[in-house]
Each structure stands twice: as structure tokens, then as C-alpha cells.
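Undergrad: need a structure here:
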Amino acid sequence: MKHGKKYVDSEKLIDRAKLYDAPEALDLAAKGAKAKFDETIEAHIRLGVDSRHADQQVRGAVVLPNGTGKSIKVLVFCKEDKFEAAQAAGAEYVGGMDLVEKIQKENWMDFDVVIASPDMMGVVGRLGKVLGPRGLMPNPKAGTVTPDVAKAVTDAKAGKIEYRLDKTNIIHCPIGKASFGKDKLEENFNTLVEAIVKAKPAAAKGQYLKSIVVASTMGVGIKINTSKYGN
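TA: Predicted structure coming up:
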């Protein structure tokens, strides 16, 4: 695969064999983001667990102190007595069966986060095949199935992200935009890694944080030294 000039220039700044400390790696990732748009900085964290086993699943959510830099559209499924609170918290769409039917009939997907009150999950469950593959299905572990829908909306707007293992035992998460600069990115990065370390399953054996790589949307992957985060 042939890379563009900007990628090649960024690559020259990075030693592929080196394990960088997080501040330096994040600084390089931000400075290497040369695209015409504000690139997202992502963390890719490989864990020493086996996601095929239920007792080794790693999943949860965390509010990044500096947000993600992305404006989030929130959809809330709840009963009418909570409509006003959800809207006041900033939800773009609030409803019940009407929104379920809109998604089913129109394939409408103009939202980034779905929140539901527990008493709506019987209805929302019908959307499993649509929302599930997109990672949008509300889940108690991620705090998106909750009686307090207003707080969940506030958290989502503030930069709450969900982390979960993929089939290759890697967690992929945005930790901000290149324009944030090193310090804000580092705060977000540390918050995410601390949450994942706390979520270590009791059944996980051996080294937990196998590797961490950060990269901008169009940039080069930069390896981070995981030893200081405890294993």
C-alpha cells in the first residue's frame, strides 16, 4: 500500500521499534496529524484476556475529562414522565414506540448514543439486530440502561465513551482531537487506561496490558510503554 507524503513525513518522526512514554507518544500523534480536518486520536489497547470466555469480558464506560471533541446526538427511549428531563439534559430525540418504528421502517440512524430506561428495554430489544452490530444497543454496564436518563444524557454529552473488547481482544477508543494538544490528550488517555486496569477480570492471568498503540485518524501507530500502568 502506497502512503501519501504527509503520512511518510509523520513516519520519519517515529521510531517503530521504540516504546514511548504516553506524553511523548501523544505529542507525536497530535503533531503528526496533518490532514485538513481535525483528526481524532485513538488508543488501541490489546489485553491479555480471552474474550470468548464470559468471565474474561472487559466492558464499561468512562467520562473523559476533556470530552472527545465530537458533538454527540443522543436518542432516549423512556416513558412520557421522563421526556422533559431527557430533553432538558440535551437529548436530541426522546420517545418510545414511535422511534422504534421509525428506525424499523425508515432505517433511520441519525444518532450516536442510545439511552433507555429499564422499563423500555422490552420494546428496545426489538432493535437488537439493528443497533447491536453498530455498538449502539443500550447496556447497563455502559450506563446506557438507567432509570436516571437525564444524567446519562449529561454524561454522554460531556464525553462519556464506552470501551469493550473486539474479537481480537483489543479495545479501540477515541481519546480526543489532535487540536487538544498533549496535556488534554494525556488526561483523557490516563483516565481511559485507569478505568480499563480497574476493570481487569479476576480470571485474567499473566500480563494484562499486552500493548497500547496511539494514532491519529490518518497517522502512524505509536507504541506506548505499558510497564508504568501495572500488570
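
Undergrad: C-alpha from now on. contacts and neighbour counts both.
TA: OK.

Undergrad: so where is this structure shaky, pLDDT-wise?
TA: Residues of the chain meeting the criterion pLDDT under 70: 1-13, 230-231.

Undergrad: So which residues of it form strands?
TA: Per DSSP state E, the chain has strands spanning 40-47, 59-63, 74-77, 93-95, 113-116, 160-164, 170-177, 209-216, 222-224. These are given in chain order.

Undergrad: could those strands go into a markdown table alongside mean neighbour count and distance to Leu28?
TA: Below are those laid out as a markdown table (neighbours: other Cα atoms under 10 Å; distance: least, Cα to Cα, whole Å):
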| stretch | mean neighbour count | distance to Leu28 |
| --- | --- | --- |
| strand 40-47 | 23 | 11 |
| strand 59-63 | 18 | 24 |
| strand 74-77 | 26 | 33 |
| strand 93-95 | 19 | 39 |
| strand 113-116 | 27 | 30 |
| strand 160-164 | 21 | 23 |
| strand 170-177 | 23 | 13 |
| strand 209-216 | 22 | 9 |
| strand 222-224 | 23 | 8 |
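
Undergrad: what's the closest of those to Asp15?
TA: The minimum distance between Asp15 and those falls on strand 222-224, with 8.3 Å, by Cα to Cα.

Undergrad: Run the chain-centre distance for the closest one.
TA: Computed by Cα atoms, centre = their mean, to the nearest Å, the chain-centroid distance of strand 222-224 equals 19 Å.

Undergrad: if I look at Lys70, how far off is Leu19?
TA: 29 Å (Cα to Cα, to the nearest Å).

Undergrad: now Lys105: how far from Ser179?
TA: Counting by Cα to Cα, the gap between Lys105 and Ser179 amounts to 39 Å.

Undergrad: buried sites along the lengthiest helix in the chain?
TA: The single longest helix within the chain, with elements called by DSSP state H, is helix 181-198. Along helix 181-198, these residues count as buried under the neighbour rule (16 or more other Cα atoms under 10 Å): 181-182, 184-186, 188-193, 195-197.

Undergrad: chain center to that helix: distance?
TA: Distance of helix 181-198 from the chain centroid (Cα atoms, centre = their mean) equals 12 Å.
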